[in-house]
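Novice: Coordinates only, no sequence provided:
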Ligand SMILES: Cc1cc2nc3c(=O)[nH]c(=O)nc-3n(C[C@H](O)[C@H](O)[C@H](O)COP(=O)(O)O)c2cc1C
């Protein structure tokens, strides 16, 4: 029988009620510079759990204050931040969703660091601050900060952790050959070393039943970008290091103009399929998949194992229930809402 949007999914100790994922989306709504979820986050995430998403990946959550895009970004750089996440995560789970969190560092894309850090001292674009290159010791320390943030996420109760290796943020700034101009052990001889060490460090603090995911830009557009063959090579390296689920996106490493991007429904699906075939790992596909029949086709055709819908879920918190209904699956709304269905 073919897979539908409502088919449960299992990976290691992670059991999802369906194939529908809410991908990480920054809300820029933390207050007082403290990186902690607020009432806004609570309403935002818990309502998508009520709305039927199988997995919700909490937005980019940063490993140190200078790793944030803005002062309103979330962070897990201190134990003080854990209880606010734990309260929200518990409420999300109460409504049947499983919860992931994206652990990240913005590197040279930070707008709030006085002097952002990166693999090299090259700015993303003239509109961004000039970064300085991390020393070798600082790079090793950064791996430890990723590990500590992952450990805090586990304490807060997540079911899975996603490392942000896409969209031109710090891990991407290391594995992109056009950005990484280093000559040390994290340099061009092995630009994936940074990501690999983070994966190994994350695994060392993750209980064995919690799957580790990574979001990777399978292709980086524009001059100095990389192609799909290179993106697949990255995914294979990260798989060997311990990643069990890949979230396949594209772009972000190189400043591009919108007209350079050929964007249409399902435009990233061929990349998800290629990575799935090359690695044999389950993949999440994302990118203009909010037309329910297209999302169904993506999982039923085996392009991907899970579909993530971002902007569609910003417009409609109940996207998951509505998409299941629109594609002939049995939507299972919460009991108080049954008469609406
Ligand atoms: C408001 C907003 C914030 C986002 N923040 C993040 C983020 O924190 N981490 C990330 O990897 N992608 C982020 N993205 C990208 C989404 O996760 C997703 O990949 C993208 O929106 C494409 O999917 P869609 O066409 O279903 O919206 C963000 C997108 C939006 C619209």
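Specialist: Looks like it arrived, so ask away. The shown structure was predicted, so the numbers you read here are calculated from the model rather than taken from an experiment.

Novice: where does the protein have low pLDDT?
Specialist: 259 (pLDDT under 70).

Novice: Could you verify my assumption that residue 4 touches residue 327?
Specialist: Yes: using C-beta atoms under 8 Å, residue 4 and residue 327 qualify as a contacting pair, with a distance of 6.6 Å. The C-beta positions use only the backbone N, C-alpha and C, and glycine is treated the same way.

Novice: So those two - more neighbours on which side?
Specialist: residue 327 (19 against 16; other C-beta atoms under 10 Å).

Novice: Not counting sequence-adjacent ones, nearest residue to the more buried one?
Specialist: For residue 327, ignoring the flanking residues on the chain, the nearest one in space by C-beta to C-beta, 6 or more residues apart in numbering is residue 296 at 4.4 Å.

Novice: Do any residues in the helix or strand that neighbour falls within lie close to the ligand?
Specialist: Under the criterion of DSSP states H and E, residue 296 resides in helix 292-300. No: judged by C-beta under 6 Å from any ligand atom, helix 292-300 makes no contact with the ligand; its nearest approach is 9.6 Å.

Novice: Following element in sequence after that helix, please.
Specialist: Counting by DSSP H and E, what follows helix 292-300 is strand 306-308.

Novice: so the residue nearest to residue 327 touches residue 325, yeah?
Specialist: No: judged on C-beta under 8 Å, residue 296 makes no contact with residue 325 at a distance of 11.7 Å.

Novice: Please list all residues in contact with residue 237.
Specialist: 192, 195-196 (C-beta atoms under 8 Å, 6 or more residues apart in numbering).

Novice: Make TSV out of these and add secondary structure and distance to the ligand.
Specialist: Below are the contacts of residue 237 laid out as TSV (DSSP: H, G, I helix; E, B strand; the rest coil; distance: C-beta to the nearest ligand atom, whole Å):
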residue	secondary structure	distance to the ligand
192	coil	19
195	helix	15
196	helix	20
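
Novice: a markdown table for those residues, including neighbour count and distance to residue 24?
Specialist: Conversion of the contacts of residue 237 to a markdown table gives the following (neighbours: other C-beta atoms under 10 Å; distance: C-beta to C-beta, whole Å):
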| residue | neighbour count | distance to residue 24 |
| --- | --- | --- |
| 192 | 21 | 22 |
| 195 | 26 | 17 |
| 196 | 19 | 22 |
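
Novice: what kind of secondary structure is residue 325 in?
Specialist: Following DSSP: H, G, I helix; E, B strand; the rest coil, the label given to residue 325 is helix.

Novice: For the stretch 151-300 of the chain, list the residues in contact with the ligand, please.
Specialist: Near the ligand, when you scan the stretch 151-300 of the chain using C-beta under 6 Å from any ligand atom, you find 164, 166-167, 215, 249, 286-290.

Novice: So which of those wins on neighbours?
Specialist: residue 289 (30 neighbours).

Novice: wait, isn't it in contact with residue 298?
Specialist: Yes: counting by C-beta under 8 Å, residue 289 does reach residue 298; the two are 6.1 Å apart.

Novice: Please identify every residue contacting each of the two.
Specialist: Going by C-beta under 8 Å, 6+ apart, residues that sit against residue 289 and also against residue 298 are 266, 269, 307.

Novice: show me where the stretch 201-341 of the chain has strands.
Specialist: According to DSSP state E, counting those that start in this stretch, the stretch 201-341 of the chain carries its strands in the segments 212-217, 245-249, 283-286, 306-308.

Novice: now swap in the stretch 51-200 of the chain and tell me
Specialist: Counting by DSSP E, counting those that start in this stretch, the strands of the stretch 51-200 of the chain are 55-62, 74-75, 98-104, 117-118, 132-133, 160-165.
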